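A.B. asks: Give me a 3D structure for the following:
(chains A, B, C and D)
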4 protein chains.
Amino acid sequence: MGQIRVGMVGYKFMGKAHSHAYRDVSMFFPDTPKPVMKFICGRNENGVKQAAEQFGWESYVTDWRDLINSSDIDLVDINAPSDAHKEIALAAAAAGKHLFCEKPLALSLSDAREMLKAAEEAGVKHMISFNYRFVPAVQLAKKLISEDRIGQIHHFRAWFLQDWIVNPEFPLVWRLQKEVAGSGALGDLGAHLIDLSHYLIGDIHEVVGMSETFVKERPLPNKMTGLSAGIDKDAPKGQVTVDDATLFLARFENGALGSFEATRFAAGQRCTNAFEINGSKGSIRFDFERMNELELYFTEDADDVQGFRRVLATDPAHAYMQAWWPPGHPIGFEHTFIHETVELFTAIEEDRQPSPNFTDGVKCQQVLEAVELSIRDRRWVKIDKL
Amino acid sequence: MGQIRVGMVGYKFMGKAHSHAYRDVSMFFPDTPKPVMKFICGRNENGVKQAAEQFGWESYVTDWRDLINSSDIDLVDINAPSDAHKEIALAAAAAGKHLFCEKPLALSLSDAREMLKAAEEAGVKHMISFNYRFVPAVQLAKKLISEDRIGQIHHFRAWFLQDWIVNPEFPLVWRLQKEVAGSGALGDLGAHLIDLSHYLIGDIHEVVGMSETFVKERPLPNKMTGLSAGIDKDAPKGQVTVDDATLFLARFENGALGSFEATRFAAGQRCTNAFEINGSKGSIRFDFERMNELELYFTEDADDVQGFRRVLATDPAHAYMQAWWPPGHPIGFEHTFIHETVELFTAIEEDRQPSPNFTDGVKCQQVLEAVELSIRDRRWVKIDKL
Amino acid sequence: MGQIRVGMVGYKFMGKAHSHAYRDVSMFFPDTPKPVMKFICGRNENGVKQAAEQFGWESYVTDWRDLINSSDIDLVDINAPSDAHKEIALAAAAAGKHLFCEKPLALSLSDAREMLKAAEEAGVKHMISFNYRFVPAVQLAKKLISEDRIGQIHHFRAWFLQDWIVNPEFPLVWRLQKEVAGSGALGDLGAHLIDLSHYLIGDIHEVVGMSETFVKERPLPNKMTGLSAGIDKDAPKGQVTVDDATLFLARFENGALGSFEATRFAAGQRCTNAFEINGSKGSIRFDFERMNELELYFTEDADDVQGFRRVLATDPAHAYMQAWWPPGHPIGFEHTFIHETVELFTAIEEDRQPSPNFTDGVKCQQVLEAVELSIRDRRWVKIDKL
Amino acid sequence: MGQIRVGMVGYKFMGKAHSHAYRDVSMFFPDTPKPVMKFICGRNENGVKQAAEQFGWESYVTDWRDLINSSDIDLVDINAPSDAHKEIALAAAAAGKHLFCEKPLALSLSDAREMLKAAEEAGVKHMISFNYRFVPAVQLAKKLISEDRIGQIHHFRAWFLQDWIVNPEFPLVWRLQKEVAGSGALGDLGAHLIDLSHYLIGDIHEVVGMSETFVKERPLPNKMTGLSAGIDKDAPKGQVTVDDATLFLARFENGALGSFEATRFAAGQRCTNAFEINGSKGSIRFDFERMNELELYFTEDADDVQGFRRVLATDPAHAYMQAWWPPGHPIGFEHTFIHETVELFTAIEEDRQPSPNFTDGVKCQQVLEAVELSIRDRRWVKIDKL
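C.D. replies: All right, here's what the predicted structure looks like:
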């Protein structure tokens, strides 16, 4: 069994989650090719040096080009801010490296398409990190739908609700700046919902949306670290240029109706990434805050005992769970990254494209852009027109 | 303390609920004027006769005109199918009777406006039966918002989910026929959500919606009773002419964003009439299936103990609950009708309009019609343009 | 179909609940014999007069002997404080009246046995008001066990948790005085759990218990009303002579293990009357605060979808629910009294003993007394030794 | 900052959990002394060799004496079956190694005391792995109690419910054999509840218990692996010599009442390690199946918004959570071992005893033995008599 040598760009929130996955995957999935944690890259030398040591990378670089040009690397993992994805991915593909990219793939649909094309032309493997697909409970949802145990899907409704910027004094971090982040709640949170809908329901036909920036100016931060930042007393304010919340309705190709909401203004909802699916044979409910659970309803249950059952997706019957602990022992957020690493590395070993890959990233970007267009023009937008 | 003499039209689901309220209100609210259950009216003599006896009415009539012309009646309570509301209401107003009407007020906005105008010109009291306002937990939500304990509202999302027609063999009852029911999930279920949003959030500025009829043909029933009906083997099929599901997005006048969904195709959701409100100081969640509970979040709670609290709205501190049982003892669906009877009868005694009244019925109808227009024209529709 | 003429003693909490049941039962269960609300009895003439009027009784008396001697009464309903049950029941039986008695049947096992004997010798029908048996969700639990869908029972654990006297300044009401109430949490709350265990699991073989009075002195009330009372500033204190909390372990005759807890000191638990049953084929969970729900687990469910399902016991498939509202519409506390009235009146009509009857009251008393003995002697006590 | 060189005995369930903690702790807690994973020990050479490689140990041994005698080891971590704990611990203490031992400390109280004495005399640090103390939500419970935010404790009730041996065909694994495991549900599950009660409430004064072995004979396994095992068709049966379920009542030194239940026969309860605490100022609820949540009630909340709040213990205000992900991102079972490693290593660095240590192990064993004695003698047993 081979090894795969990884070079990673970015060392903050996602960089840490990916590093941890590389560190742990072989302990729980010994049959998966082993990652070799070669290089980590970051612009701030002190920061990246400490991260390399703390996370367990062999060495670090401060220029991502060094990493891509190295012959010691098989896979480039891109966790840099969204505005840097494209340039790195194109260069890495050109250098014949496999690609693993955080979402969103790029800041625009055309950029995303260019990245996909580059990856395909280079003949490399490409994966996008829609990690919520890899929650075992979500995999169970997928399995039930695939096995026709939910029937024809009528409804998909999904919410990604957070509350970290409800306070108007929260500083203007990079995630609130359009030129770096591309968009706000829509691209950050809505993208995950869109991908889950593609995974579970199918293609979206058309959308109509609305969005709002509730707090239009925020104090400028003195120093940015991860999701938050410090602010000085009487700090000057800057313009928030992304959406605080975006909602949209969707019609799927298969006739299902969709409702999507992404917001950072749902007080008390720390990270409610939730969906409900209603089909002709049953229903499915999921909420990431209780990620080990899936609620299921089957119309065929006996008349007197019909009800949503709360399945703890921690049994051997559930995807990936054989590798972990006995039934009933919860797993957490970072396990999703380990599972997607299993998929990526197995795909490389089996010489097939992993799933989800850049095609899924492009499809997600297409819907994001359709939603934005529908908001701008105040009308329904068909996805295949983009 | 006076008495109010009631004549009621309709004796099925809503007729039973209203009858029960008249029967019980004085036992639990002895300070409220006492209803005298004079006449009940229905077209089927056997049916209405039995209902009169069973529900406790003094006598019955089979023509609603008899009831309206009687000098023994102070209040006409209209629970007939929606297409009959207007004619009865206009006649009753002309006869100087107070009006109590089930929702929807009418099948069209113009009809609803005509009814309001008639009631106002006649100088009678008029109430519309948006009974979910009278759930004590919902009253608590209203109180918290009014007292500014939730802050500025950013989000209102609401679902009325049922599943009674998921089975394609369920018969074509009157609620699935446009000419009698006006609309399907939208008018039946969505109307309640719209009214709750008016009550809790405020006026809606504009909407955009979508709808679907998943099962387009259904077996014709042999006999209709209440919500269901019998069907013969190999019964011929008829066209379903109302919506199985309607969703819409809304922008409120105060800047809040709204998401509404009404469906009869949510397998496993027997009667999930639920909403969530997110404000700058806190959040509120309600689900009618657990109608005695309200979930609340306050941003001002201490850092280490922030979370949604599940308030059992059965304490003396909660509206109407002093009249019932000790804390922790649940009340049920029919209590909402008793509470709205208290409001109606108190308003009549105090010579003021009850709330909600026909004005609220008109406002609801306005939004319903805007949603339908937005679906037809595939565009945003401003409420005040109607 | 006949009528049954009722005379009732007591007009506070339980008197109100029973009155309401008589008032409403024929509206929802028209095939059940009709109650005629003849006399209500209370010692305070003003109080009972007002209650008679408010609740709908034809007339009132202030001495229960007048009621028992009346030839206009078929059934005597005893809601007086527990220390008065026996004398009234014996006299009523002697007068040939059917008996309906609130729990606990009496203050001692020997008194309870005397009451049962008197009823049997008089050949009258006798029922005890263990109303929680009549929650549809509890009836569903019973049905599943009877149909062997839960298998052999291994565990029964039950809690009746309240919090109304956590505050040490709460006054010394009659329920906290042994000579009137018999016991505290044990007799008031534990009695319900014991009866539910008899109903659902079977006879108890032996018990061992413990109890505590956390607040040993409380302010004397100036005036007692229902569950609460007023207190004057600097009111003198009196001794609390009943248990604030009692816990006991039990072994059932069929080998199941039982755990029981009754307390009035569970802060935040307004009325958590809950149990869990584990059997070889499945499990059952119930909590009265969500009385319309039953949680069920079946070992035979498919491997990948095993989990507790939350059944809303409001479908036509559930006991008594055909009489009420469409699926998903909650019922409340007082419905349990209506359902037990259906059982009592039907039993009288069918000339059979209702269930639960005084035999069940005696059995409950036997366990209560065994628990008290086990606490006094600090040892296991076998039920059949009493 | 120093390093601590670890030798570990045992490589199955707990061995894996501990190995993972050593592997990951420095990535998330860089200020904690770094573990060096020197030796892993197991009797089966193939097994331990593979484990060493998979888990990341430098090398392996098959005789624990080799490990203890090595001068390259600072700390001995004992995850062997319970019957081997004592011998290894005594030898390791004699060799001057720090000790980390899985629970239960030993098979008897006298053995446990001997181990504590040996550790104290050797002057080494000693820790016992009661890992549930290290759930952040449990740490929050401890904090609230310590800060007197719950008031005087009245009740502690706790359940550890599993269902892995409900099926009578489940084989007779070592955990069902008294000579290896010491006891069944009591020692395996009850021990955790007892320690949590010591941690949160205080010392136990006396206990009375009951237990049962529901399935008395089981098929003998052909090969044992971890928690489960294979069985041949028509395998012979052997005697189950431990308890399937044990319940006991307890009185704490501070006057609180306790109720404990440990069972492996709660169908559907995969790993419900749950407790509820009621105090004079509030209540606390925890369930390990939802380990990121703590439910809290405070009597001082405003009258109209009193209710249990569900706190997601994933905020920076919660113990250990700064090291992990943003608020709302769940952690899992294995994180508890990382947190206890932080405590152990920090204690070694600071030259103080970690908490919980062998003293806590002895105290737990004392209660376990008192419970067993109370079951044997059918009476209350005072803890300090042992």
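A.B. asks: Contacts only, for residue A:382.
C.D. replies: By CB atoms under 8 Å, 6 or more residues apart in numbering or on different chains, residue A:382 lies in contact with A:205-206, A:370. (C-beta placed from N, C-alpha, C; glycine too.)
A.B. asks: of all those, which comes closest to residue D:253?
C.D. replies: Distances from residue D:253 to the contacts of residue A:382, taken as CB to CB, are shortest for residue A:370 (66.5 Å).
A.B. asks: My read is that that closest one contacts residue A:207, right?
C.D. replies: Yes. The criterion here is CB atoms under 8 Å, and residue A:370 meets it with residue A:207 at 5.2 Å.
A.B. asks: hey, what's in contact with both of those two?
C.D. replies: A:381, A:383.
A.B. asks: For residue A:38, which non-adjacent residue is spatially closest?
C.D. replies: Leaving aside its sequence neighbours, residue A:38 sits nearest to residue A:5 (CB to CB, 6 or more residues apart in numbering or on different chains; 4.9 Å).
A.B. asks: can I assume the one you found sits in a helix?
C.D. replies: No. Counting by DSSP: H, G, I helix; E, B strand; the rest coil, residue A:5 is located in no helix; its state is strand.
A.B. asks: Lowest mean pLDDT among the helices and strands of chain A, which one is it?
C.D. replies: strand A:223-225 (a mean of 59; mean pLDDT, DSSP states H and E).
A.B. asks: All the strands of the stretch 201-350 of chain A, in order from the start?
C.D. replies: Under the criterion DSSP state E, counting those that start in this stretch, the stretch 201-350 of chain A contains strands at A:204-212, A:217-219, A:223-225, A:228-230, A:237-239, A:245-252, A:257-263, A:272-279, A:282-287, A:293-298, A:307-312.
A.B. asks: which one of these is the most hemmed in?
C.D. replies: Ranked by mean neighbour count, these are led by strand A:257-263 with a mean of 27 (mean count of other CB atoms under 10 Å in any protein chain shown).
A.B. asks: Please enumerate residues in contact with that one?
C.D. replies: With CB under 8 Å, 6+ apart as the contact definition, strand A:257-263 has outside contacts at A:154-162, A:185-186, A:188-190, A:193-194, A:197, A:201, A:204, A:209, A:244-252, B:154-155, B:157, B:210, B:212, B:245, B:247, B:259, B:261, B:278.
A.B. asks: weakest of the strands of the stretch 201-350 of chain A by average pLDDT?
C.D. replies: Mean pLDDT is lowest for strand A:223-225 out of these, coming in at a mean of 59.
A.B. asks: coming back round to it: now do the contacts for the residue nearest to residue A:38.
C.D. replies: Residue A:5 makes contact with A:35-36, A:38, A:72-75, according to CB under 8 Å, 6+ apart.
A.B. asks: For it, list each beta-bridge partner.
C.D. replies: residue A:36 (DSSP bridges).
A.B. asks: for residue A:166, helix, strand, or coil?
C.D. replies: coil.
A.B. asks: Distance check, it against residue B:251.
C.D. replies: Distance of residue A:166 to residue B:251, computed by CB to CB, to the nearest Å: 19 Å.
A.B. asks: What parts of the stretch 1-150 of chain A come near chain D?
C.D. replies: Within the stretch 1-150 of chain A, the residues that sit near chain D (CB under 8 Å from any CB of the partner chain) are A:13, A:17, A:19-20, A:23-24, A:26-27, A:30, A:54-56.
A.B. asks: now that we have the residues you listed, which one has the most neighbours?
C.D. replies: residue A:19 (27 neighbours; other CB atoms under 10 Å in any protein chain shown).
A.B. asks: where's that residue, which helix or strand?
C.D. replies: helix A:13-28 (DSSP states H and E).
A.B. asks: Report the inter-axis angle for that helix versus helix D:13-28.
C.D. replies: Here helix A:13-28 runs at an angle of 150 degrees relative to helix D:13-28 (axes from the mean of the first three to the mean of the last three CA atoms, to 10 degrees).
A.B. asks: Only the C-alpha atoms, please, for whatever helix or strand residue A:93 lives in, written as CSV.
C.D. replies: Assigned by DSSP H and E, residue A:93 falls within helix A:85-94. Extracted in CSV, the C-alpha atoms of helix A:85-94 (Å, rounded to 0.1, in the frame of the first residue of the first chain):
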residue,chain,number,x,y,z
HIS,A,85,-7.8,29.2,-4.8
LYS,A,86,-7.7,29.6,-8.5
GLU,A,87,-4.1,30.7,-9.0
ILE,A,88,-2.7,28.0,-6.8
ALA,A,89,-4.9,25.3,-8.3
LEU,A,90,-4.0,26.2,-11.9
ALA,A,91,-0.3,26.1,-11.0
ALA,A,92,-0.6,22.9,-9.1
ALA,A,93,-2.5,21.2,-11.9
ALA,A,94,0.1,22.4,-14.4
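A.B. asks: Quick check: which helices or strands does it pack against?
C.D. replies: In terms of contacts (3 or more CB pairs under 8 Å, 6 or more residues apart in numbering or on different chains; DSSP states H and E), helix A:85-94 is packed against helix A:64-69, strand A:75-78, strand A:98-102, helix A:109-122.
A.B. asks: Which positions within the last one qualify as buried?
C.D. replies: With burial defined by 16 or more other CB atoms under 10 Å in any protein chain shown, the residues of helix A:109-122 counted as buried are A:109, A:111-116, A:118-119, A:122.
A.B. asks: Export these as TSV, with columns for distance to residue D:143 and pLDDT.
C.D. replies: Shown next, in TSV, are those (distance: CB to CB, whole Å; pLDDT from 0 to 100):
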residue	distance to residue D:143	pLDDT
A:109	49	96
A:111	48	97
A:112	47	97
A:113	52	98
A:114	52	98
A:115	48	98
A:116	50	98
A:118	52	98
A:119	50	98
A:122	54	98
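A.B. asks: tell me which of those is nearest to residue B:145?
C.D. replies: Proximity of the buried residues of helix A:109-122 to residue B:145 (CB to CB) peaks at residue A:109, which lies at 40.7 Å.
A.B. asks: which parts of the stretch 51-200 of chain A sit against chain C?
C.D. replies: A:140, A:143-144.
A.B. asks: between these, which is closest to chain D?
C.D. replies: Comparing those against chain D with CB to the nearest CB places residue A:140 closest, at 14.9 Å.
A.B. asks: Check the closest one and give its pLDDT.
C.D. replies: Residue A:140 is assigned 98 on the pLDDT scale.
A.B. asks: Doesn't it lie inside a helix?
C.D. replies: Yes. Residue A:140 forms part of a helix when assessed by three-state DSSP.
A.B. asks: Just confirm it contacts residue A:311, I think it does.
C.D. replies: Yes. Residue A:140 lies in contact with residue A:311 (CB under 8 Å); the separation is 7.0 Å.
A.B. asks: what residues are shared contacts of the two?
C.D. replies: Common neighbours of residue A:140 and residue A:311 (CB under 8 Å, 6+ apart) are A:294, C:304-305.
A.B. asks: And the spatially closest residue to residue A:304 that is not a sequence neighbour, its phi and psi?
C.D. replies: Once flanking residues are discounted, residue A:304 sits nearest to residue C:317: 4.2 Å by CB to CB, 6+ apart. Dihedral angles of residue C:317 (phi, psi; degrees, to the nearest 10) stand at phi -70, psi -10.
A.B. asks: next structured bit after the longest helix along chain A?
C.D. replies: Across chain A, the longest stretch assigned as helix under DSSP state H is helix A:358-377. Note on helix A:358-377: by DSSP H and E, the next helix or strand toward the C-terminus is strand A:381-382.
A.B. asks: So in that sheet, which strands flank that following strand, and in what orientation?
C.D. replies: Strand A:381-382 has its sheet partners listed here by DSSP bridges as strand A:204-212 (antiparallel).
A.B. asks: export the partner strand as CSV, just CAs?
C.D. replies: Extracted as CSV, the C-alpha positions of strand A:204-212 are listed here (Å, rounded to 0.1, in the frame of the first residue of the first chain):
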residue,chain,number,x,y,z
ILE,A,204,-31.5,22.3,-9.3
HIS,A,205,-33.5,23.7,-12.2
GLU,A,206,-34.2,27.3,-11.2
VAL,A,207,-33.9,29.6,-8.2
VAL,A,208,-35.2,32.9,-6.8
GLY,A,209,-33.6,34.6,-3.8
MET,A,210,-33.3,37.5,-1.5
SER,A,211,-30.5,38.7,0.8
GLU,A,212,-29.7,41.4,3.3
